[in-house]
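[1] Sequence below, structure please.
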Amino acid sequence: MGLGKLSINARQDGFLLDGEPWFWFADTCWSAFTSISLEDWDYYLARRAEQGMNVLQINTLPQWDRCTPDLGIWPYASEDGVHFDWSSVNAAYWERARTMCQMAVEHGIRPALVLMWCNYVPGTWGSRISTLLGADVMPREEIRPHVERVVEHLGDLDPVYVVTGDTDFASDEAIEYYGETLSAICELAPDAVRCMHINRANRSIPEQFVDRLDFYMFQPGHNYEGQTEAWQLPEDFRANYPKKPMVNSEPCYEQMGASRNVYWRFTAQDCRASVWSSILAGASAGVTYGAHGVWNWQTSRSTGSALGEGFDAPFRWQECLQFPGVWDFGLIPHVLSHLGASSADAAAAVEPAQELLDDERAAIRCARIGKKAVVYVPRATKVKLKLDAATSARALDLEDKRVAYLPVSCADGVVTVAQHPFEHDALVVAE
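    Residues are numbered from 1 along each chain as shown. From the prediction side, this is the model:
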């Protein structure tokens, strides 16, 4: 069973699957290959498939901040999962990874495989921390053999290749490592879709990489004070790079404590705010969800993480699969379709239109979809739009899934839509 051919649409803002519009809806399950039993994996996949997910973002190397203990199965010979004999391949790991990806494909879920997480690459923010804790980076001569191994074992399962993991490009050495990784995957899997997962608030991709990437991933991340990046990053990518599809690939994770151990946990509404703000700012190709306790696989036996963690304690993974926010994410492609958005129809693009708002509150985001103005309103308030007229308006309650029909008034080139009656965030749609 194949997943079909993934490609980029003619508008360069979305995906096609076998020529038909396709919306990226991913989960971050970074530590899957080292941490999840096959029995638990089967349950996890069934649940995520029910919730509508069609992509899993997985690290091909051991996740440095995964929960411990893990299963003790690592890609290269190791006694602790932190120090490796890179020349000694563990065949059982790769066979298991293949089995896991085959199981995902059977559920209609595509693997998105990270080739080189930042802590394995010298000169990145991650390796500066991990090497202080005594961990290894990958020797440069092992880059191509590792990429070859990924393609050999998993390449026929229609994966997306994510060249970088949570990285910056702060040194020439890091850029050279990633340049070698990108060149290898372009040569070994020339027809596969490629991207780079970059670190929080990063809007800088080396120029020599851009033309070999099919789409952009960006990361607002888990910093309490940095959530405005959800719309600022796609705005900056649109302004500074050739147009390509964009995905908010690591929004704040549901029930995750804020980074640097700030006392806070992100709610389902916080997560909705991140992705809806991104979508209306131009990142309409898809969304990625995350639950704290799934990406690192927290169990009742977990005692911490492999190399330290800057967040409050996770919930157990079984609890995380019941969080309500994932259903909100799963509803997004249906809402966009209802509003007329399509990655195949040139007249149905999601076009950022912040200039339509007669309002300086930047957290309120606006876009056009055809003849509709669509506004994300984090909290109830009037919406004023610089339009000559509007025939009707409605609000879609993103918390309780209700619809309210709102009065509109027009004066002096401004349409005012009355405040919606919901206690939570909403999409306001003016026709």
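
[2] C-alpha only now, for contacts and for neighbours.
    Noted.

[3] Next, find the distance separating Gly290 from Asp425.
    Applying CA to CA, to the nearest Å, the value for Gly290 to Asp425 is 20 Å.

[4] For this protein, which strand extends over the most residues?
    Residue-count comparison of every strand in the chain, with assignments taken from DSSP state E, identifies strand 110-117 as the longest.

[5] the inter-axis angle of whichever helix or strand comes after that one versus strand 110-117?
    From strand 110-117 onward toward the C-terminus, using DSSP states H and E, the following helix or strand is helix 125-132. Counting by axes from the mean of the first three to the mean of the last three CA atoms, to 10 degrees, helix 125-132 points 60 degrees away from the direction of strand 110-117.

[6] and helix 125-132, what does it pack onto?
    Other helices and strands packing on helix 125-132, by 3 or more CA pairs under 8 Å, 6 or more residues apart in numbering; DSSP states H and E, are absent; none qualifies.

[7] quick one, domains of the protein?
    Residue ranges for the structural domains of the chain, counted by automatic domain parsing, are given in the record as 6-346, 353-430.

[8] With mean neighbour count and mean pLDDT as extra columns, can I get those in TSV?
    Formatted as TSV, these follow (neighbours: other CA atoms under 10 Å; pLDDT from 0 to 100):
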stretch	mean neighbour count	mean pLDDT
domain 6-346	20	96
domain 353-430	18	96
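
[9] tell me, what residue is most central in the chain?
    Centroid check for the chain by CA atoms, centre = their mean gives Ser249 as the closest residue, at 1.8 Å.

[10] Would you mind naming the residues that bridge with the residue nearest to it when sequence neighbours are not counted?
    If the residues on either side of it in the chain are set aside, Ser249 comes closest to Thr288, at 5.0 Å by CA to CA, 6 or more residues apart in numbering. Beta-bridge pairing of Thr288 under DSSP bridges involves Ala26.

[11] check contacts around Thr288.
    Contacts of Thr288 were listed using CA atoms under 8 Å, 6 or more residues apart in numbering, and they are Trp24, Phe25, Ala26, Asp27, Thr28, Val247, Asn248, Ser249, Glu250, Pro251.

[12] Kindly report the same for Met100.
    Applying CA under 8 Å, 6+ apart, one finds that Met100 lies in contact with Phe33, Leu38, Trp41.

[13] those strands in the stretch 101-250 of the chain, which residues are they?
    Ranges of strands within the stretch 101-250 of the chain are 110-117, 160-165, 194-195, 216-218, 246-248, based on DSSP state E, counting those that start in this stretch.

[14] Nearest to Asn240, out of those strands?
    strand 216-218 (12.2 Å; CA to CA).

[15] Each with direction, which strands does the closest one pair with?
    Neighbouring strands of strand 216-218 in its sheet, by DSSP bridges, are strand 246-248 (parallel).

[16] any idea how far the partner strand is from the chain center?
    What separates the centre of strand 246-248 from the centre of its chain is 7 Å, taken as CA atoms, centre = their mean, to the nearest Å.

[17] ok, now stretch 246-255?
    On the basis of CA atoms, centre = their mean, stretch 246-255 is displaced by 5 Å from the centre of the chain it belongs to.

[18] Can you give me the end-to-end span of that stretch?
    25 Å.

[19] Isn't Gly290 up against Asn248?
    No. Gly290 is beyond contact range of Asn248, at 11.2 Å (criterion: CA atoms under 8 Å).

[20] about what we covered before: any chance of the contacts of Met100 in JSON lines, with distance to Ala380 too?
    Putting those into JSON lines (distance: CA to CA, whole Å) gives the following:
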{"residue": "Phe33", "distance to Ala380": "43"}
{"residue": "Leu38", "distance to Ala380": "45"}
{"residue": "Trp41", "distance to Ala380": "40"}
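
[21] Quick one: the helices in the stretch 101-250 of the chain, in order.
    When assigned using DSSP state H, counting those that start in this stretch, the helices of the stretch 101-250 of the chain occupy the ranges 125-132, 143-154, 172-188, 207-210, 229-240.

[22] Run through the neighbouring helices and strands of the second one.
    Of the remaining helices and strands, those touching helix 143-154 by 3+ CA pairs under 8 Å, 6+ apart are helix 91-106, helix 172-188.

[23] Serialize the ones you listed to TSV and add fields for distance to Ile364.
    Formatted as TSV, those follow (distance: least, CA to CA, whole Å):
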stretch	distance to Ile364
helix 91-106	37
helix 172-188	37
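
[24] To Ser284, which of the ones you listed lies closest?
    For Ser284, the closest of these is helix 91-106, at 24.1 Å, according to CA to CA.

[25] Check the offset of the closest one from the chain's centre.
    The chain centroid and the centroid of helix 91-106 are separated by 22 Å under CA atoms, centre = their mean.

[26] And stretch 143-159, by the same measure?
    The gap between where stretch 143-159 is centred and where its chain is centred comes out at 22 Å by CA atoms, centre = their mean.
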